[in-house]
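Chemist: Curious how this folds, go ahead:
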Amino acid sequence: MDYQILERAIEECGEDLDSAIRSLNQLRLESTNQNPEEAKVEGSEKEQVLNLDGTEWVELFVREMMSASDMNDAKDRASRALQALDKSIKARAGADAAMQSSLQQENSMLKQQLEATVQENSLLKRAVVTQQKRQRETEDESQELQGLRRMVSQYQEQLRTLEVNNYALTLHLKQALQNNSSIPGRFHPDVF
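Modeler: Below is the predicted model of the structure:
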């Protein structure tokens, strides 16, 4: 029954050990107020029991043993102090187990986030490689286009030169035909 109360107090306090201890002390005080005889026997020392560290536990045991009036009283005091120590250890162990479980859940979440980040990183790396490949292809196509434009410019220049030469030759031919018009309608046989 005591374990159920302890577990319920820890769950209600959100796995916070200090809050659980305060809650348990409050429950004990409420039950002491209902049983005044028990309050006289246990006193106010039990309120502090769950909050003691190692040296305070030693001091509590020494005080209890020094306060004992006889061997039976010393045994009773030692038994109560050991029970309180046992409850404190169990409460801390429960809190540690809860903290460990919380840490394991957090660790699991962080591992999942890490895996997702690694996958995203891998995807981004592939995207960067693809983008670089496209950029290289675009640069190659741009260089090829510039080369073709230069060639078109050269061909246009050659075309203009050929047109000028053709026009000049046409003029020379007309002039030659006009000068050789001694034989009308007859053309030189080597020309045609």
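Chemist: Can you spell out the domain ranges of the chain, please?
Modeler: The chain is divided into the following domains under automatic domain parsing: 2-124, 141-180.
Chemist: weakest of these in terms of mean pLDDT?
Modeler: Out of those, the stretch the model trusts least by mean pLDDT is domain 2-124, with a mean of 74.
Chemist: count of neighbours near residue 77?
Modeler: Applying other C-beta atoms under 10 Å, we find 19 other residues in the vicinity of residue 77. From N, CA and C alone the C-beta is placed, and that goes for glycine too.
Chemist: Which of the three states applies to it?
Modeler: When states are read from DSSP: H, G, I helix; E, B strand; the rest coil, the local structure at residue 77 comes out as helix.
Chemist: Likewise for residue 69?
Modeler: Counting by three-state DSSP, the backbone at residue 69 sits in coil.
Chemist: quick one, phi/psi of it?
Modeler: Residue 69 has phi and psi values of phi -90, psi -30 when expressed as degrees, to the nearest 10.
Chemist: ditto for residue 68
Modeler: phi -70, psi 140.
Chemist: The closest residue to it other than its chain neighbours: what's it in contact with?
Modeler: Spatially, and ignoring its direct neighbours in sequence, residue 68 is nearest to residue 74 (3.6 Å; C-beta to C-beta, 6 or more residues apart in numbering). When contacts are counted by C-beta atoms under 8 Å, 6 or more residues apart in numbering, residue 74 touches 64, 65, 68.
Chemist: wait, which of the residues you listed is closest to residue 125?
Modeler: The shortest gap between residue 125 and any of these belongs to residue 64, at 67.6 Å (C-beta to C-beta).
Chemist: Count the neighbours of residue 94 for me.
Modeler: 19.
Chemist: how close does it sit to residue 55?
Modeler: From residue 94 across to residue 55, the span is 23 Å (C-beta to C-beta, to the nearest Å).
Chemist: which secondary structure element contains residue 166?
Modeler: Residue 166 is part of helix 71-179, with elements assigned from DSSP states H and E.
Chemist: buried set for stretch 80-88?
Modeler: Across stretch 80-88, burial judged by 16 or more other C-beta atoms under 10 Å covers 80, 81, 84, 85, 87, 88.
Chemist: Save those as CSV, and put in distance to residue 157 too.
Modeler: Formatted as CSV, the buried residues of stretch 80-88 follow (distance: C-beta to C-beta, whole Å):
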residue, distance to residue 157
80, 113
81, 110
84, 106
85, 104
87, 103
88, 100
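Chemist: From these, pick the one nearest residue 107.
Modeler: Lowest distance from residue 107 to the buried residues of stretch 80-88 (C-beta to C-beta) belongs to residue 88, with 27.8 Å.
Chemist: Would you confirm that that closest one contacts residue 52?
Modeler: Yes - with contact defined as C-beta atoms under 8 Å, residue 88 counts as touching residue 52 (7.0 Å).
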